[in-house]
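S.K.: Pasting the sequence and the predicted model now:
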Amino acid sequence: MDSIEFTDPVTGSCQCCGAPTIQLARFVHRNGEPFAVYRALLAHGPHERRADLVISLGDWAEAASPSDRVTFACHLTADQHSFNVGFVEPHQTSWTSGELGRILSRDEALQHPWKQEVFNLTDRLLEFDKPLIAYLTAP
Ligand SMILES: [Zn+2]
């Protein structure tokens, strides 16, 4: 079973307009081993209400390097009935790859064998990640 390790949100301000932002960083463990990392940027102010999310999957053992991982970039939104998850291009996320591993293009993400793991994880975080859910569902 996967478990999500939550850390305190980090507040900041948007580079384009100064509106308040919240950054979330999460570590996901599977059977006690590091399995994935995800980060979300939540921007208030004039921006469309959507979570700018990156999910890094692969080898997160201490000896591993970013080249052992790949990163899926997604935008999460909510409407009255459900949450929506869509892969986006690397230039559409405000995250950079860094230690996460290379950010896949939208096509690469859609064809990737780990795509289902990403959706399993987004299902889970949309159930348990309270600040993220609160941001998406706030009136
Ligand atoms: Zn802005």
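M.R.: That came through, no problem. Since this is a predicted model, take the numbers as computed values, not measurements. Numbering: from 1, shown residues only.

S.K.: In stretch 103-113, which residues are buried?
M.R.: Using 16 or more other Cβ atoms under 10 Å as the burial criterion, the residues of stretch 103-113 that qualify are 103-104, 106, 108-109, 112. The C-beta positions use only the backbone N, C-alpha and C, and glycine is treated the same way.

S.K.: quick one, what contacts the residue nearest the centre of the chain?
M.R.: Residue closest to the average C-alpha location in the chain (Cα atoms, centre = their mean): Leu53, at 2.9 Å. Leu53 is in contact with 38-41, 73-76, 93, 122, counting by Cβ atoms under 8 Å, 6 or more residues apart in numbering.

S.K.: Let's see that with 10 Å instead.
M.R.: Contacts here follow Cβ atoms under 10 Å, 6 or more residues apart in numbering; on that basis Leu53 touches 24, 26, 38-42, 72-76, 85, 88, 93, 95, 118, 121-122, 125, 129, 132.

S.K.: Extract the C-alpha set from stretch 74-85 and format it as PDB.
M.R.: This file holds the C-alpha atoms of stretch 74-85, laid out as PDB (Å, rounded to 0.1, in the frame of the first residue of the first chain):
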ATOM      1  CA  CYS A  74      -0.300  17.600 -15.100                       C
ATOM      2  CA  HIS A  75      -2.900  20.200 -14.500                       C
ATOM      3  CA  LEU A  76      -5.600  19.300 -12.000                       C
ATOM      4  CA  THR A  77      -8.900  21.100 -12.000                       C
ATOM      5  CA  ALA A  78     -12.300  20.600 -10.500                       C
ATOM      6  CA  ASP A  79     -15.800  21.200 -11.700                       C
ATOM      7  CA  GLN A  80     -19.100  20.700  -9.900                       C
ATOM      8  CA  HIS A  81     -19.000  17.000 -10.400                       C
ATOM      9  CA  SER A  82     -15.500  15.700 -10.500                       C
ATOM     10  CA  PHE A  83     -11.800  16.400 -10.700                       C
ATOM     11  CA  ASN A  84     -10.000  16.500 -14.000                       C
ATOM     12  CA  VAL A  85      -6.400  15.500 -14.600                       C
END
